[in-house]
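1. coords please:
(one chain, ligands or ions: 1)
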Amino acid sequence: MEEITAEFSAEQIAPTADLRIIPEVTVGCKTDVGRVREINQDKFEYYLAEDKLATRGLIFLVCDGMGGAAAGQVASELAAKTFIDVYLNHPSADPGIAAGAAVQAANRFVLDNARAFPARRGMGTTLSAVLLVQDLAFLVQVGDSRIYRIRNGEMLQLTTDHTYPNELHKMGMITAEEILTHPQHHVLTRAVGAEPEVQPDIEALDLKAGDVFMICSDGVPNHVSEDEIARILGSNPPSAAAWKLVGQALVGGGSDNATALVVRIDGLVEVN
Ligand code: MG
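-> Numbers count the residues shown, from 1 in each chain. From the prediction side, this is the model:
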């Protein structure tokens, strides 16, 4: 990991934080190729760090790859595993810094791989991750996969979609309704593997027992309304919720690969 260490100054490589709190979670996940596509380019991964890596916390992510032939599948796979590897092994004690470096490493890896294999040129992927560290949830976002959270019965989309119509909406040029019907609805303004540098959104939020996080590819919200997503998440345990969300995406048309990863915070356990 020397080349990664070298990118950071000594101040950024703080000593490891003491482990005070461990989030206890229940996880459920489901991915499906859908009813139209021939391959599934979505990828979910999670890693529950223990022992000497325990201060890195719990990692959950979804990547939605894009690119001809099977290239999108390669992109999502490479990005997911590179992100986790680099995040876990990065020398900084600050999860936000480690996550930022992990996104850049994943970006370089996908880009280099696309250069090495002409059939993979132009491949890329979204990356949405939740990192549960002590009593914080770090969110990492590139692209248009989404992270939702239910707290006290209320659901919020915590991430911004990095799409062209969404940028137009932020500039006040189109309405929220027009985003949905815009012909370039799926054109991403940020993706892992698209440019030499990528700008992830990274944010830390407080974590509470009872919170439910759901990370999904666009194949879910394309076919399942937010009211329906909230209802399913609010009334089912994680595995059932993930299967039902993806099932509803198929019922609604299944025009894309669909993936849902659900994480329920059962408790925040204090470590003595
Ligand atoms: Mg998709």
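
2. Where does the residue nearest to residue 174 when sequence neighbours are not counted sit: helix, strand or coil?
-> Nearest residue to residue 174, sequence neighbours excluded (CB to CB, 6 or more residues apart in numbering): residue 168, at 4.8 Å. Placement of C-beta: from N, CA and C, glycine included. Here residue 168 is recorded as helix under DSSP: H, G, I helix; E, B strand; the rest coil.

3. Count the residues that sit near residue 168.
-> Using other CB atoms under 10 Å, residue 168 has 16 neighbouring residues.

4. Please apply the same query to the one 5 residues further on.
-> Residue 173 sits with 10 neighbouring residues when counted by other CB under 10 Å.

5. can you confirm it is in a helix?
-> No - applying three-state DSSP, one finds residue 173 to be coil, outside a helix.

6. now it: how far from residue 162?
-> As defined by CB to CB, to the nearest Å, residue 173 lies at a distance of 16 Å from residue 162.

7. what does this protein have sitting close to the ion?
-> Residues of the chain lying near the ion by CB under 5 Å from the ion: 64, 217-219, 256.

8. how about CSV for the residues you listed, with secondary structure and pLDDT added?
-> Formatted as CSV, the residues of the chain next to the ion follow (DSSP: H, G, I helix; E, B strand; the rest coil; pLDDT from 0 to 100):
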residue, secondary structure, pLDDT
64, strand, 98
217, coil, 98
218, coil, 96
219, coil, 97
256, coil, 95
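
9. List the contacts of residue 68.
-> 119, 122-123 (CB atoms under 8 Å, 6 or more residues apart in numbering).

10. Touching, residue 47 and residue 83? I think so.
-> No - in this structure, residue 47 is not within contact of residue 83 by CB atoms under 8 Å, at 10.0 Å.

11. could I have stretch 110-122 exported to PDB, CA atoms only?
-> Taking C-alpha atoms only, stretch 110-122 is exported to PDB below (Å, rounded to 0.1, in the frame of the first residue of the first chain):
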ATOM      1  CA  VAL A 110     -11.200   0.700 -13.400                       C
ATOM      2  CA  LEU A 111      -9.700   3.300 -15.800                       C
ATOM      3  CA  ASP A 112      -6.300   1.400 -16.100                       C
ATOM      4  CA  ASN A 113      -8.100  -1.900 -16.700                       C
ATOM      5  CA  ALA A 114     -10.200  -0.300 -19.500                       C
ATOM      6  CA  ARG A 115      -7.100   1.000 -21.100                       C
ATOM      7  CA  ALA A 116      -5.400  -2.400 -21.000                       C
ATOM      8  CA  PHE A 117      -8.400  -4.200 -22.500                       C
ATOM      9  CA  PRO A 118      -9.900  -2.500 -25.600                       C
ATOM     10  CA  ALA A 119     -13.300  -4.300 -25.300                       C
ATOM     11  CA  ARG A 120     -13.600  -2.700 -21.900                       C
ATOM     12  CA  ARG A 121     -13.000   0.900 -23.000                       C
ATOM     13  CA  GLY A 122     -15.600   3.300 -21.600                       C
END
